[in-house]
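Colleague: okay, sequence plus prediction incoming.
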Amino acid sequence: MDPRENRSRTVAGGLTLSVGLDNADLTGRDDKTLQAGLDYLHRLGGGTLEIQAGEYLMHNALYLRSGVAIRGSGENTVLKKAPSCCTPLVTDSDWYETQVHVADPSGFSPGCGIMLRSKRDNRLEVIKDTVTRIDGQTLHLSRRLEKNAWLEDGATAATIFPLLTAEWVDDVLVEDLVLNGNRAENEEINGNYAGGVFIQHCDRHTFRNVVSRDYNGDGFSFQVCDDIRFENCRAQNNANLGFHPGSGSQRPIFRSCTARGNSQGIFFCWGVSDGLAENCDLSDNLDYGVTIGHRDTDNRLHSCTIERNHKVGLLFRQPLSEFRGAHRNIVEGCTLRDNGFAAEGIGVQFLGATHDIILRDNRIEDSGAGKQKTGVQVSAEAQGALLAGNTFAGLERDVVYLSADDSSVAAT
């Protein structure tokens, strides 16, 4: 060793640990083996978990850990959700307890994920945990419930969970794998609680070359998370939203991503700001390609393809007040084609007081089948909209401005 190379050596080299069906550091074919690898690396301060090719049956979510990267072998690495079951509770469980008593425990096993749901005053209450032991009809959980699960509120227990999840976990990389939600054998769940990916209160996660498909809910959902990046990811044939940047999330980035066959491609939830969707394909979704709404401001769609979405290509949702509008968003260099054929045939629709939107240098067209009849429809309450440099082709109406009584006062 050259004695002049004497700089202090203080940065640890991260361990790479392999998991596979055979010939790996850890061998197995389910979530327990994957979680063991993640937790081992987390104890060492970080590293990379390499998941070899194969199908891994998920009886519980894989809980992400700070500073630990997950790398698969592309589309040959598949994490598939096990079939779900659901059963009612047969006794009340109070918020301080660690057990629930169910009608039918047969679909549960120690270590499986569990979701308790009940509805009080039309509000869904959700508890997510892991079953640690089963005694007859009693399921033991890993911690206290912290909420009541009462019969009068229709409390149930189900094996519903995300495939990848985290709360209050930062600095994670996931790449080169497939998440199969096994939609045909699983119950639907709202994307505010689960998804192929579901993270909450997390910052600086990157998903690269990750496919989330056939989940009976959202493909990718993140709530109150900043600086979440998606690169070349696909949300495909999920029951609800493809990508769900959730409430309060700042600076989400979607680059070269695809959302097809979902209810919506990208759903900007509440208060999502300074986001970017670039070179994305948001097409063939059953409702909308993109929707932007409640205080979703200062976001940008650039060079995206938004076509053949059934209801509207790009929708600025109706705000409950002017303050809650989706103001100052920019759409530029995008193609919006053949949208709205299951509804009014609108490419871009403004609802309510949506202000200072810029639509610039887009191509807005119908390919000849008469699917997209109106290029842009601007509400009477919208102010400050700038339309510049757009190309319109094959439409019955390029731009429609609505009056207060929702009748057209100008069309070009």
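Modeller: Cool, got the structure.
Colleague: looking at this structure, which strand is longest?
Modeller: strand 123-135 (DSSP state E).
Colleague: what sits up against it?
Modeller: 60, 105, 108-119, 139-143, 145-149, 153, 161, 190, 193-194 (Cβ atoms under 8 Å, 6 or more residues apart in numbering). (Glycine included, C-beta is placed from N, CA and C.)
Colleague: got the CA coordinates for the next helix or strand after it in CSV?
Modeller: Per DSSP states H and E, strand 123-135 leads on to strand 138-141 as the next helix or strand towards the C-terminus. Output in CSV follows, covering the C-alpha atoms of strand 138-141 (Å, rounded to 0.1, in the frame of the first residue of the first chain):
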residue,chain,number,x,y,z
THR,A,138,-58.2,-16.2,18.6
LEU,A,139,-55.6,-14.3,16.5
HIS,A,140,-52.7,-12.8,18.4
LEU,A,141,-51.2,-9.6,16.9
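Colleague: give me the sheet partners of strand 138-141 and which way each runs.
Modeller: Looking at strand 138-141 with DSSP bridges, its partner strands are strand 99-101 (antiparallel), strand 123-135 (antiparallel).
Colleague: off-centre distance for that strand?
Modeller: What separates the centre of strand 138-141 from the centre of its chain is 30 Å, taken as Cα atoms, centre = their mean, to the nearest Å.
Colleague: which parts of it are buried?
Modeller: Buried residues in strand 138-141, counted by 16 or more other Cβ atoms under 10 Å: L139, L141.
Colleague: which is the next helix or strand following it?
Modeller: strand 156-158.
Colleague: what sits against the residue nearest to A343 when sequence neighbours are not counted?
Modeller: Excluding its sequence neighbours, the residue lying closest to A343 (Cβ to Cβ, 6 or more residues apart in numbering) is K311, at 4.4 Å. When contacts are counted by Cβ under 8 Å, 6+ apart, K311 touches D287, Y288, N339, G340, A342, A343.
Colleague: count the neighbours of the fourth one for me.
Modeller: Going back to what we said before, that points to G340. Look at G340: counted by other Cβ atoms under 10 Å, it has 26 neighbours.
Colleague: surely it is in a helix?
Modeller: No: using DSSP: H, G, I helix; E, B strand; the rest coil, the secondary structure at G340 is coil, not a helix.
Colleague: let me know the pLDDT of it.
Modeller: The pLDDT attached to G340 in the predicted structure is 98.
Colleague: ok, the residue lying closest to it once chain neighbours are set aside to R397 distance?
Modeller: Nearest non-adjacent residue to G340, counting by Cβ to Cβ, 6+ apart: I346, 4.6 Å away. Remark: distance between I346 and R397 (Cβ to Cβ, to the nearest Å) = 10 Å.
Colleague: neighbour-wise, which of the two wins?
Modeller: Per other Cβ under 10 Å, whichever of I346 and R397 has more neighbours is I346, with 23 against 16.
Colleague: need the pLDDT of the more buried one.
Modeller: pLDDT for I346: 98.
Colleague: got it, and Q383?
Modeller: 96.
Colleague: what's the distance between it and L351?
Modeller: Distance of Q383 to L351, given as Cβ to Cβ: 14 Å.
Colleague: who's more crowded, the two?
Modeller: Ranked by neighbour count (other Cβ under 10 Å), Q383 and L351 place L351 first, with 21 against 15.
Colleague: and the pLDDT at the residue nearest to that one when sequence neighbours are not counted?
Modeller: Distance criterion Cβ to Cβ, 6+ apart; nearest residue to L351, sequence neighbours excluded, is Q318 at 4.0 Å. Reading off the confidence values, Q318 has pLDDT 97.
Colleague: show the contacting residues for Q318.
Modeller: G293, L351, G352.
Colleague: that one: what secondary structure?
Modeller: Secondary structure assignment for Q318 (three-state DSSP): coil.
Colleague: shaky segments in the stretch 201-350 of the chain?
Modeller: Along the stretch 201-350 of the chain, no part satisfies pLDDT under 70.
Colleague: ok, of the contacts of Q318, which one's closest to E167?
Modeller: Distance ranking of these against E167, using Cβ to Cβ, places G293 first at 24.6 Å.
Colleague: look up which residues are beta-bridged to the residue nearest to G14 when sequence neighbours are not counted.
Modeller: Leaving out its chain neighbours, the residue that sits closest to G14 by Cβ to Cβ, 6+ apart is G47, at 4.0 Å. Beta bridges link G47 to L15, V68 when assigned by DSSP bridges.
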